[in-house]
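Chemist: Fold the following and give me the result.
(chains A, B, C and D)
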Protein chains: 2
Amino acid sequence: MSAFLLVDDDRTFARVLARSLARRGLEVRVAHDVEGGLAQADAHMAGAVIDLQLGNDSGLALVPQLRALSAAMRILMLTGYASIDTAVQAIKLGADNYLTKPATADAIVAALGCRATNAWAPVRAAPLPLGRVQSEHIRRVLADHGGSISGAARALKMHRRTLQRKLARFS
Amino acid sequence: MSAFLLVDDDRTFARVLARSLARRGLEVRVAHDVEGGLAQADAHMAGAVIDLQLGNDSGLALVPQLRALSAAMRILMLTGYASIDTAVQAIKLGADNYLTKPATADAIVAALGCRATNAWAPVRAAPLPLGRVQSEHIRRVLADHGGSISGAARALKMHRRTLQRKLARFS
DNA sequence: GGAAGGGCGCGGCATATTGCCGCATGCGAC
DNA sequence: GTCGCATGCGGCAATATGCCGCGCCCTTCC
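Modeler: Here you go, the predicted structure:
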């Protein structure tokens, strides 16, 4: 099978995932930022797995550039804290699919495979437990507020103390 | 301005929204199901606002058909309970944007206007309060389980009693 | 027809969580 | 130096959750 591109600033995650994908017969090239991803990208690559958050940069910037490089390349966006807005943006920019972390190598391979044009099958078959949805939303809002506890609590319409306790529980 | 299509099985919502859009100079044609939407659709229409849930049918079915009718038509999906999976599906099927209810006429007009090819601006600027995210997720999971309280509770990893109480609180 | 299994609504109780208050500290702006 | 805001945290009252158990209903199977 031809080469795949993996771009993720989490070096440990990238190394482990690359090894898992290699075990599945994939030839994986790893980069840790947008520039590195572009340097490694090749028009003959079958697919790319891009982390949405690359340090201070957005993996979204890579999508139209990879799409310009190869119309056939399958592009999968990966994110720790999923949101509809970024999912919509990613697909509009040319990504084929969108998956949330933690994602197993099998899930990634499956998501890369389904460049469906009429697929109604959901990206994720099982709905998330409520606790998980809560924690992911909280993390995203906190990130959107630059780590501000007070700001995130206001946006979430919850008490600051409660947010602190929930964050302590997540850790 | 040319005609717009509005497809929503909620007749009250459709009537009120159509009136608001008409006040903004839009010529709105209203339908309440997939068949009605197709019957009303016109290749010269500038845009369409489609509810994701049309009774027992999915508004998603309309997207590729409207896209086949007109490549230039702006298609906006509207849903009461947003999910990333359906957002990704909608965009992949050809929708231009994806908005959650309740949506004002202004938000709809704005969402229809931004057929951006490089837009990073989020569809919704303000994050949802946690309570709202909870209730929306619960409703979606319940819908996915065909209204089964026991099934949804298991999927959400919460007690059946708790789910009953929360649902009672939403009503 | 009866048994079995599962779904469902609900009251009640123990436990957990939340909202709020208040205290102390730190930081940036003026 | 003062002010305003952010932050961490303990403690308390109020609220929510998990669980149990009861009773009823529906479907399937024998």
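Chemist: Tell me, how many residues neighbour the closest residue to residue A:104 other than its chain neighbours?
Modeler: Excluding its sequence neighbours, the residue lying closest to residue A:104 (Cβ to Cβ, 6 or more residues apart in numbering or on different chains) is residue A:20, at 7.8 Å. For the C-beta atoms, the positions are set from N, CA and C on the backbone; glycine is no exception. Residue A:20 is flanked by 16 other residues according to other Cβ atoms under 10 Å in any protein chain shown.
Chemist: in the lengthiest helix in chain A, what counts as buried?
Modeler: Scanning chain A for the longest helix, with DSSP state H as the assignment, gives helix A:130-144. Within helix A:130-144, the residues scored as buried using 16 or more other Cβ atoms under 10 Å in any protein chain shown are A:130, A:133-138, A:140-142, A:144.
Chemist: go on, stretch A:151-171?
Modeler: Buried, per 16+ other Cβ under 10 Å, within stretch A:151-171: A:152-153, A:155-156, A:158, A:163, A:166.
Chemist: Mind checking which of those land in strands?
Modeler: Applying DSSP state E to the buried residues of stretch A:151-171, no entry is found in strands.
Chemist: sorry, back to before: could you say what helices and strands the longest helix of chain A packs with?
Modeler: helix A:149-156, helix A:160-170, helix B:130-144 (3 or more Cβ pairs under 8 Å, 6 or more residues apart in numbering or on different chains; DSSP states H and E).
Chemist: Repeat the analysis, applying 10 Å as the threshold.
Modeler: Applying 3 or more Cβ pairs under 10 Å, 6 or more residues apart in numbering or on different chains; DSSP states H and E, we find helix A:130-144 packed against helix A:149-156, helix A:160-170, helix B:130-144, helix B:149-156, helix B:160-170.
Chemist: And it, how far out from the chain middle?
Modeler: 15 Å (Cα atoms, centre = their mean, to the nearest Å).
Chemist: any idea of the mean pLDDT in it?
Modeler: On average, the pLDDT along helix A:130-144 is 85.
Chemist: Same question for stretch A:75-95.
Modeler: 80.
Chemist: that's a strand at the residue nearest to residue A:104, yeah?
Modeler: No - counting by DSSP: H, G, I helix; E, B strand; the rest coil, residue A:20 is not part of a strand but helix.
Chemist: Return the distance of the residue nearest the centre of chain A relative to residue A:55.
Modeler: Centroid-nearest residue in chain A: residue A:78, 1.4 Å away (criterion: Cα atoms, centre = their mean). Distance of residue A:78 to residue A:55, computed by Cβ to Cβ, to the nearest Å: 15 Å.
Chemist: repeat for residue A:137
Modeler: Counting by Cβ to Cβ, the gap from residue A:137 to residue A:55 is 23 Å.
Chemist: Could I get the pLDDT score of residue A:126?
Modeler: 59.
Chemist: hey, where'd the helices end up in chain A?
Modeler: A:11-23, A:34-40, A:62-69, A:84-93, A:105-113, A:130-144, A:149-156, A:160-170.
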